[in-house]
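>>> take a look and give me a structure for this.
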Amino acid sequence: MVNTNNTQLLIKSIVRGETIVTPKKPLLTFLVLSTAVVFFTVLVGMVLAPETIRIAPADFKDIDISRIPDGTYYGSADAFMTRANVAVRVEDQQIVRIDLLRHAHSNGEEAEAVLDRVITQQCLKVDVVSGATTSSLVLLKAVEDALRDEEADG
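Numbers count the residues shown, from 1 in each chain. Purely as a prediction, here's the structure:
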């Protein structure tokens with residue numbers, strides 16, 4: 001329901017060129033909402049973001065590919081809004097192909113280049129893609145996941 005008296009006063013004030021002072025309630029609402037947004041952002045940064053820090057290039061174990069029988073192995077990994085599933089093909093004691101089955105990310109498509117680096121260098125200790133570090137690390141962790149159990153069994 002619109003209060004016609006207030007509306008008429010507002011129109012008269014505009015016509016006269018008077019300065020209109022809005023109620024303080026919208027300002028209070030804005031301050032409360034903006035504070036909530038800042039709080040949530042800090043919370044995400046402190047609670048969820050460290051998940052991405054837990055995966056670091058130094059965390060990857062050397063995989064002895066010579067101990068892995070020929071075959072296709074599946075692995076997955078996830079960290080802070082990034083997930084990956086891969087199929088790693090090993091033939092004659094070499095990684096010959098890595099198929100990316102799933103890569104859910106915000107803007108880390110460029111990270112998929114690390115898979116080619118793994119094939120070229122035949123190890124997981126490769127340079128990550130700048131600007132797509134989390135996605136790069138998740139992809140490498142998925143490859144490690146695929147090969148780690150097979151190496152132990154091999």
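
>>> so which bits of the longest helix along the chain are buried?
For the chain, the longest helix by residue count, based on DSSP state H, is helix 133-153. Using 16 or more other Cβ atoms under 10 Å as the test for burial, helix 133-153 gives 133-148, 150-151. All C-beta atoms are positioned from the backbone trio N, CA, C, and that covers glycine.

>>> span of stretch 119-133 from start to end?
Across stretch 119-133, the terminal residues are separated by 19 Å (Cα to Cα, to the nearest Å).

>>> for that stretch, give the mean pLDDT please.
Averaged over stretch 119-133, pLDDT sits at 87.

>>> who's in contact with it?
Outside of stretch 119-133, the residues within contact range by Cβ atoms under 8 Å, 6 or more residues apart in numbering are 52, 57, 60-63, 65, 94-98, 105, 107-111, 113-114, 117-118, 135-137, 140, 143-144.

>>> quick one, which of those are buried?
Using 16+ other Cβ under 10 Å, the buried members of the contacts of stretch 119-133 are 52, 60, 63, 65, 95, 98, 105, 108, 111, 114, 117-118, 135-137, 140, 143-144.

>>> moving C-terminal from the helix or strand encompassing Arg83, which element do we reach first?
For Arg83, the element it lies in under DSSP states H and E is strand 82-91. Following strand 82-91 in sequence order, the next helix or strand is strand 94-104 (DSSP H and E).

>>> okay, now the unreliable bits of this structure?
The model of the chain has pLDDT under 70 over residues 1-24, 28, 40-59, 150-154.

>>> now do the domain split for it, please.
What automatic domain parsing lists as the domains of the chain is 4-48, 52-153.

>>> tell me which of the ones you listed is the most buried.
Comparing the domains of the chain by mean neighbour count (mean count of other Cβ atoms under 10 Å), domain 52-153 comes out on top with a mean of 17.

>>> element containing the closest residue to Ile95 other than its chain neighbours, please.
Among residues not flanking Ile95 along the chain, Ile119 sits closest, at 5.4 Å (Cβ to Cβ, 6 or more residues apart in numbering). Per DSSP H and E, Ile119 falls inside helix 113-121.

>>> now do that helix against helix 133-153: the angle between them, please.
Per axes from the mean of the first three to the mean of the last three Cα atoms, to 10 degrees, the angle that helix 113-121 makes with helix 133-153 is 40 degrees.
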